[in-house]
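In: Mind folding the following:
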Amino acid sequence: MFSSKRAPAFPRGHDAPLGTDLPVQPPRTPGQRPRLLAKKPARPGDTFGVPGQGSSVVTSLVTVALFVGLWFAATNLHWIKPLFLPSPQAVYAKFVFVATEGFANSTLAQHTGISLLRVFGAFALACVTAIPIGVMMGVSRFARGVFDPPIEFYRPLPPLAYLPLIIIWFGIGEFSKVFLIYLAIFAPLAIAARSGVRSVSIEQIHAAYSMGASRTQVVLYVILKSALPEIFTGMRIGIGVGWTTLVAAEMVASTSGLGFMVLNAAEFLASDVVIMGIIVIGFFALCFDLLMRHLERVLVPWKGKV
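Out: Residues are numbered from 1 along each chain as shown. So this is what the prediction gives:
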């Protein structure tokens, strides 16, 4: 008969006595987990994340909904008089009326079309001229000495300050309105292009020269591409300034335009038309800003990653 005695058990973490054939288990650290249950080491950016990382669409939608709800409650519960703040229903009714019947001898589509033509026409002219001048100011000290003083001088001035001078020089035609908006967009766009050029690292320039690139190739393929994020930021700021200046530009002998419509409605205390015009201007400005953000993600995918 074989003996049924079991091998003696020894406390975990202690060696078996000499002369025994039992396997020796390594000591286990208190609180140690099996490998399958152990936490994986965190990669950079996973635990704390990049500042501002993630989508904010839900937060934005909730904010807009709360704002509209507060507007609805304040007007329908008569917290504020309709003269100062009309209800959303009144603004929507006025929107339908102006879109179909018109206001100040023009429909909403006509007002919007002429304003878009003025703003984006001035914006296109500013992009064609301000971006090359800004790049020249960044790469050439001679160009910086020529263009920097006048730009820095008139940039802080409000458009209404030099509006009378533009009227004296060019009259009250369409060119004066577009030129006023153009001047308002030109300065921030040129300064943004210059700042983008100055922010290029010297290592990138030296690397391009060491690979045999000429000065023109360095400017086009290294400096200009590296300055694109700043240029896009300047374009977004410039179009916002352009929409702000639109109202001032359409004060001068205008018969149509969103700015003219808002100013004309303010004279008759038509606050519903004023708010409607503000919403339309803000809508087109927001759409353009979203378009610029999309183009920036497509054309400058390395922004914030280098």
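In: what pLDDT does Val62 get?
Out: If you check Val62, the pLDDT there is 91.
In: Would you agree it falls within a strand?
Out: No. Val62 is assigned helix when assessed by DSSP: H, G, I helix; E, B strand; the rest coil, not a strand.
In: how near is it to Gly54?
Out: Distance, Val62 to Gly54, by C-beta to C-beta, to the nearest Å: 15 Å. No exception for glycine: its C-beta is placed from N, CA and C like everyone else's.
In: again with Ile131
Out: From Ile131 to Gly54 the distance is 32 Å (C-beta to C-beta).
In: Look at the two and report which has more neighbours.
Out: Ile131 (21 against 8; other C-beta atoms under 10 Å).
In: Do I have it right that that one meets Ile231?
Out: Yes. With contacts counted by C-beta atoms under 8 Å, Ile131 reaches Ile231, the gap being 6.2 Å.
In: Identify the contacts common to these two.
Out: The contact sets of Ile131 and Ile231 overlap at Leu189, Ala193 (C-beta atoms under 8 Å, 6 or more residues apart in numbering).
In: Could you count how many residues lie near Gln89?
Out: Gln89, neighbours per other C-beta under 10 Å, totals 12.
In: dump the residue contacts of it.
Out: Gln89 touches nothing, counting by C-beta under 8 Å, 6+ apart.
In: Tell me if I am right that it is in a strand.
Out: No. Checked against three-state DSSP, Gln89 lies outside a strand; its state is helix.
In: where in this structure is pLDDT low?
Out: For the chain, applying pLDDT under 70 flags the ranges 1-53, 304-306.
In: And stretch 74-84, what's buried?
Out: Buried positions in stretch 74-84, judged by neighbour count with 16 or more other C-beta atoms under 10 Å: Thr75.
In: whoops, stretch 88-102 was the one
Out: For stretch 88-102, a neighbour-count test (16+ other C-beta under 10 Å) marks Ala90, Val91, Lys94, Phe95, Val98 as buried.
In: what's the answer for stretch 132-150, then?
Out: Ile133, Gly134, Val135, Met136, Met137, Gly138, Val139, Ala143, Arg144, Phe147.
In: Can you tell me which of those is nearest Pro156?
Out: Phe147 (16.2 Å; C-beta to C-beta).
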